[in-house]
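Undergrad: Fold the following.
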Amino acid sequence: MAAIVIVVIVVVVLAFLLWASFNGLVKKRNRTQEAWSEIDVELKRRHDLIPNLVSTVEGYAAHEKGTFEAVTKARADAVSAGATGDPAKIAPAENALSGTLRSLFAVAENYPQLRAVESFTQLQETLTATEDKIEFARRYYNTSARDFDTALQTFPRNLIAGMFNFKAVAFYGADDSDRAVPQVTFPGSDGASTGPTQSGPPPATGSAGPPSAAGSAGPPTA
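TA: Residues are numbered from 1 along each chain as shown. Modelled structure (predicted):
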């Protein structure tokens, strides 16, 4: 009888550990997906702002055709890279877009009359706010990804992760130099800042792992 009681207790304990571990992984995975979706939304907003920004500056510096074409192409490349869901392709594309935007604002500095254009000022402020949101979302995502990946690697949750096909996710990395917001200062003004960031939507993985594709809420797999 005592042996049966011991077996029952062991089974109950194991069942509880299975339940707790599985639910814990699901919560951490969902938090990571939520954090990724915030990055994804802000990146789309950033990409949507660029055509209007180029158009506004172009109205005052039409002869800077090479710069405008470079920004437009870099944006298209970044959008295409995001559609692949491959962080290895997304990062360089976003870095290239960052560089072309810096060139665009360098051009804008040579036209102080732009500071009086309300649409340009609004675009500037919106892009700056978007960059701030992306940076905050990136930090939140990386924290969530760290907690999720750590949970996947610790016992006994690593056994549960294998059984239910949970997959580790990749960190959203960015060099400080690439994420620096270009400072734009106009004569007679206190200056404003704007600039780009990088990211990438994730590739799809197993059914219990974070779902992902360009534009989805799932984070990139490691």
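
Undergrad: What is the subsequent helix or strand relative to the top helix by length along the chain?
TA: Counting residues, the longest helix in the chain under DSSP state H turns out to be helix 2-58. Using DSSP states H and E, the helix or strand that follows helix 2-58 towards the C-terminus is helix 65-84.

Undergrad: just to revisit the earlier point, summarise which helices and strands the longest helix of the chain is packed against.
TA: Contacts defined by 3 or more Cβ pairs under 8 Å, 6 or more residues apart in numbering; DSSP states H and E place helix 2-58 against helix 65-84, helix 87-109, helix 118-153, helix 157-163. Using the backbone N, CA and C atoms, a C-beta is placed for each residue, glycine as well.

Undergrad: measure the closest residue to residue 81 other than its chain neighbours to residue 83 for me?
TA: Once flanking residues are discounted, residue 81 sits nearest to residue 93: 3.7 Å by Cβ to Cβ, 6 or more residues apart in numbering. Relative to residue 83, residue 93 is positioned 11 Å away (Cβ to Cβ, to the nearest Å).

Undergrad: who has more neighbours, those two?
TA: When residue 93 and residue 83 are compared for neighbours, residue 93 comes out ahead with 21 against 15, by other Cβ atoms under 10 Å.

Undergrad: wait, that one sits on residue 84?
TA: No: under the criterion of Cβ atoms under 8 Å, residue 93 makes no contact with residue 84, lying 9.4 Å away.

Undergrad: Please tell me the pLDDT value assigned to residue 27.
TA: Listed pLDDT for residue 27 reads 93.

Undergrad: ugh, wrong one, I meant residue 75
TA: Residue 75 carries a pLDDT value of 91.

Undergrad: Next, count neighbours for the closest residue to it other than its chain neighbours.
TA: Spatial nearest neighbour of residue 75, excluding adjacent residues (Cβ to Cβ, 6+ apart): residue 50 at 4.9 Å. Residues contacting residue 50 under the criterion other Cβ under 10 Å number 23.

Undergrad: which stretches of this structure have low pLDDT?
TA: 85-88, 91, 173-222 (pLDDT under 70).
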